[in-house]
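[1] dropping the sequence and predicted coords here.
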Amino acid sequence: MHRWSKLFIPTLREAPADAEVASHKLLLRAGYIRQLGAGIYSYLPLGQRSLNKIVAIVRQEMDKIGQEFFLPALNPAEIWEESGRWTGMGDNMFRLKDRKGASLCLAMTHEEVITSIARNELRSYKQLPQIWYQIQTKFRDEPRPKSGLLRVRQFLMKDAYSFDLDAAGLDESYKKNDAAYRAIFTRCGLEFVVVEADSGAMGGSQSQEFMVYTEAGEDLIASSASGYAANIEKATSRLAPVADLEPSGDGMPELVYTPGKASIADVTAFFAIHAAQDIKCVAFMGTRSGEPLRPVVAFLRGDHQVNETKLSAVAGVSDLRPMTGEELALHIGGPAGYLGPIGIAEVMTQGSLNGLKSGKPLDKLKGVLRENPAEGLKTIVIMDSGLEGRKNLVCGANTLDYHYRNVTPGRDFTPTMVADIRNINEGELDPLGGEPLRLGKAVEIGHIFKLGYKYSQSMGARVLDANGKEVTPIMGCYGIGIERILTAAIESSAAKFFATTDAEQYALPPAIAPFEVVVTITNVREPDLLEAGEKLARLLESAGVDVLLDDRDERAGVKFKDAELIGVPYRVNIGKKLADGQVELVDRLNGLTTSLPVDSLSEHLASLLAASKS
Ligand SMILES: Nc1ncnc2c1ncn2[C@@H]1O[C@H](COP(=O)(O)OP(=O)(O)O)[C@@H](O)[C@H]1O
Ligand SMILES: [Mg+2]
């Protein structure tokens, strides 16, 4: 029997001032964790109980598809030199020397170690496929450890690696891990979305991130009810149709004197139009490898924002930064606030680039530039696809205090390229099923990834195929942040509480809470209450419920507050109503308090718990 009076649960009334996000404050206040250094935490008994439950769920689901290993956290440098990551990992890797002066590191991940085992042990296609996993501590010298357990320098990861004979096999292994992840996160009570991710520098081909919406997250993602989900750097949307303005005069661009109207708000007020009828200009300088700085000018709807990652990719430039006033004058010929597409056509690459109409891929542009390198330094003008087909727009005239109206893309100016370079907005429709998009910050709880041949190739893992021919196995890797499951659960719950009560509270899903229920004896000095509490707690325990008995000699109010603080989802109050054979059940997940006969409590709670886990 777990008695509160005997346990070490150091709750705090106030969170330390440096704790910012809800989970950080609450984990400290609830006595789950204590900080030892930047991004380094001790897990106290409640935190450890919760993490153990998460680990148990992860292990159960992973055992269905793979086999558990335990690889050393301390790695010799040589193995990392073989893969090229001893240098590649840079300052993120913790490095040390042993007494003989040999270099070692604390592993950030385990592709190298697992591949060395595969290389030494796997000989035949008959041994494939393999899915190997472990649950182990990782060390990463994060540049900005922060937010409690969200980004730390020492954390638990479930990492798995698959070895298959061919790409079709890898597909199968990847799908198995995908299914295991969905089962794990569902059992942990998380609402998650699966985002198609950028495979980045790791050279893989397919990659998905499992994300949980929370303001504490560092990623920005969009998703919808049709199952569409993407990182903001990739997300696209269908725009609702916008009414174009009626042309004025002869319908051709007309110069209008707009003194002091430099902002979009001023311009739209002046013309009495909506920002969607205005063209915004955003001007950058960027670099292409080996070339001098290159002007990159983006045009988009007045109510849209540039996504610099998309723009970089489309324009084939990196290190974008805003143009200075001098650069604006040089490359566009106009002052900030009055920039527009008409006229910069003369500065930009006319002629050869005219062949590049809307949507033509960047390769074509590169081809043109290769044939005519002088073009390589001209201004790149990208128009967002949201302006395609629009007419009679308002835009800057590249002259102080003047705008044009009646501007029609294609007729009055020709961009180098038309592409999606904008940030999507909340509520726009997804490109898959046309459902409204939800846009928000999110935290990554897991990541699955088709690695390909990177490690098996470079580290020389080979097996014989059915024909006795030597082949390189193809790999996948799959990671889950154990602590992030706990923090994401707290953040999600705290956000729900905050929305309704304005208070900093949370309740954990029963599957990962340190205890499923607290039985609170409201006054231990009353023998009847004490006895009934003891009896009920024992009954619950024998029914398989993970119960904490609050037998402390404290005021009821203090005990209720503490029980709430430690995030336990159910509480049973043994109080005055016991005289009528009743106890109170507080269901914190649903915000319900009900009185029940003490005799039926155990059965009732057991069925609630079973429902919460199914
Ligand atoms: N510094 C960290 N602190 C806590 N958890 C982390 C940290 N870095 C990664 N994780 C967790 O480990 C999982 C697998 O890591 P990985 O995808 O290699 O990390 P990253 O996306 O940061 O490169 C992530 O999805 C995340 O849940
Ligand atoms: Mg990742």
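    Happy to help now that I have it. Ligands and ions are numbered 1, 2, ... in the order given.
[2] neighbours of residue 144, how many?
    9 (other C-beta atoms under 10 Å). Quick note: C-beta positions are derived from backbone N, CA and C, even for glycine.
[3] how near is it to ligand 1?
    Distance, residue 144 to ligand 1, using C-beta to the nearest ligand atom, to the nearest Å: 10 Å.
[4] next: residue 188.
    Applying C-beta to the nearest ligand atom to residue 188 and ligand 1 gives a distance of 13 Å.
[5] OK, contacts around that residue?
    54, 57, 485, 489, 509, 511-512 (C-beta atoms under 8 Å, 6 or more residues apart in numbering).
[6] how close does whichever residue of the chain sits closest to ligand 1 sit to residue 177?
    As assessed by C-beta to the nearest ligand atom, ligand 1 sits closest to residue 481 within the chain, at 2.4 Å. Per C-beta to C-beta, to the nearest Å, residue 481 is found 15 Å from residue 177.
[7] which strand is the longest one in the chain?
    Longest strand in the chain, counting residues (DSSP state E): strand 438-452.
[8] quick check, distance from whichever helix or strand comes after it to the centre of its chain.
    The element immediately downstream of strand 438-452 (helix or strand, assigned by DSSP states H and E) is helix 454-458. Centroid displacement of helix 454-458 relative to its chain, using C-alpha atoms, centre = their mean, to the nearest Å, is 28 Å.
[9] for helix 454-458, packing partners?
    Secondary-structure packing of helix 454-458 (3 or more C-beta pairs under 8 Å, 6 or more residues apart in numbering; DSSP states H and E): helix 77-83, helix 111-121, strand 474-481.
[10] hey, which of these is tucked in deepest?
    strand 474-481 (a mean of 26; mean count of other C-beta atoms under 10 Å).
[11] ok, residue 500 - contacts?
    Here residue 500 is in contact with residue 591 (C-beta under 8 Å, 6+ apart).
[12] measure it to residue 82 for me?
    Distance from residue 500 to residue 82, by C-beta to C-beta: 55 Å.
[13] with residue 195 instead?
    32 Å.
[14] what score does the residue nearest to residue 470 when sequence neighbours are not counted have for pLDDT?
    Nearest non-adjacent residue to residue 470, counting by C-beta to C-beta, 6 or more residues apart in numbering: residue 462, 4.9 Å away. The confidence metric pLDDT takes the value 97 at residue 462.
[15] quick one: buried residues of the helix or strand hosting residue 54?
    Using DSSP H and E, residue 54 maps to helix 45-65. Residues 46-47, 49-51, 53-55, 57-58, 61-62, 65 are the ones in helix 45-65 that count as buried (16 or more other C-beta atoms under 10 Å).
[16] related to what we said a few turns ago, quick one: contacts for the residue nearest to residue 470?
    By C-beta under 8 Å, 6+ apart, the contact list for residue 462 reads 119, 456, 470-473.
[17] and those as TSV, adding distance to ligand 1 and pLDDT?
    Output for the contacts of residue 462, formatted as TSV (distance: C-beta to the nearest ligand atom, whole Å; pLDDT from 0 to 100):
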residue	distance to ligand 1	pLDDT
119	22	96
456	18	96
470	30	96
471	27	97
472	23	97
473	21	98
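[18] which of those residues has the most neighbours?
    Counting by other C-beta under 10 Å, top hit in the contacts of residue 462: residue 473 with 27 neighbours.
[19] that residue reaches residue 118, doesn't it?
    Yes: the pair formed by residue 473 and residue 118 meets the contact definition of C-beta atoms under 8 Å, at 6.8 Å.
[20] next, count neighbours for residue 581.
    Count around residue 581 with other C-beta under 10 Å applied: 11.
[21] do the same with the one 5 residues further on
    The criterion is other C-beta under 10 Å. On that basis, residue 586 has 22 neighbouring residues.
[22] tell me which element it falls in.
    With DSSP H and E as the test, residue 586 turns up in strand 582-587.
[23] could you list the paired strands of the helix or strand following that strand along with their orientation?
    Downstream of strand 582-587, the next assigned helix or strand under DSSP H and E is strand 592-597. Using DSSP bridges, strand 592-597 pairs in its sheet with strand 582-587 (antiparallel).
[24] next, the buried residues of stretch 282-290.
    Neighbour-count burial for stretch 282-290 [16+ other C-beta under 10 Å]: 282-286, 288.
[25] next one: that stretch to chain centre, how far?
    Distance, centroid of stretch 282-290 to centroid of chain: 28 Å (C-alpha atoms, centre = their mean).
[26] name the residues that touch it?
    Residues contacting stretch 282-290 (C-beta under 8 Å, 6+ apart): 293-300, 306, 308, 311-312, 315-323, 327-328, 331-332, 339, 376.
[27] just the CA trace of stretch 301-315, in PDB.
    Once non-C-alpha atoms are left out, stretch 301-315 reads as follows in PDB (Å, rounded to 0.1, in the frame of the first residue of the first chain):
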ATOM      1  CA  ARG A 301      -1.100  38.900 -51.400                       C
ATOM      2  CA  GLY A 302      -1.100  41.800 -49.000                       C
ATOM      3  CA  ASP A 303      -2.600  39.600 -46.300                       C
ATOM      4  CA  HIS A 304      -0.100  36.800 -46.700                       C
ATOM      5  CA  GLN A 305       3.300  36.200 -45.100                       C
ATOM      6  CA  VAL A 306       6.500  34.900 -46.800                       C
ATOM      7  CA  ASN A 307       7.800  31.600 -45.700                       C
ATOM      8  CA  GLU A 308      11.500  32.000 -46.000                       C
ATOM      9  CA  THR A 309      12.200  28.300 -46.000                       C
ATOM     10  CA  LYS A 310       9.900  27.800 -49.000                       C
ATOM     11  CA  LEU A 311      11.300  30.900 -50.700                       C
ATOM     12  CA  SER A 312      14.900  29.700 -50.200                       C
ATOM     13  CA  ALA A 313      14.100  26.300 -51.700                       C
ATOM     14  CA  VAL A 314      12.200  27.700 -54.700                       C
ATOM     15  CA  ALA A 315      14.800  30.400 -55.400                       C
END
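[28] list the buried residues of it.
    301-304, 306-315.
[29] kindly report the same for stretch 188-195.
    So for stretch 188-195, counting by 16+ other C-beta under 10 Å, buried means 188-190, 192-195.
[30] start to end distance for that stretch?
    End-to-end distance for stretch 188-195, by C-alpha to C-alpha, to the nearest Å: 19 Å.
[31] so what's the closest residue in space to residue 14 that isn't next to it in sequence up against?
    Distances taken as C-beta to C-beta, 6+ apart place residue 29 nearest to residue 14, at 7.5 Å, with adjacent residues excluded. Counting by C-beta under 8 Å, 6+ apart, residue 29 touches 11-15, 565.
[32] could you dump those residues into CSV with secondary structure added?
    Converted to CSV, the contacts of residue 29 look like this (DSSP: H, G, I helix; E, B strand; the rest coil):
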residue, secondary structure
11, coil
12, coil
13, coil
14, coil
15, coil
565, helix
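[33] mind putting the residues you listed into a markdown table with pLDDT?
    Formatted as a markdown table, the contacts of residue 29 follow (pLDDT from 0 to 100):
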| residue | pLDDT |
| --- | --- |
| 11 | 96 |
| 12 | 95 |
| 13 | 90 |
| 14 | 89 |
| 15 | 86 |
| 565 | 96 |
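[34] mind checking which of those residues are buried?
    The buried subset of these - by 16+ other C-beta under 10 Å - is 11, 15, 565.
[35] determine which two of the contacts of residue 462 are furthest apart.
    Greatest spacing in the contacts of residue 462, by C-beta to C-beta: 119 and 471 (13.4 Å).
[36] following element in sequence after the helix or strand containing residue 183, please.
    Element membership for residue 183, per DSSP H and E: helix 167-187. Following helix 167-187 in sequence order, the next helix or strand is strand 193-196 (DSSP H and E).
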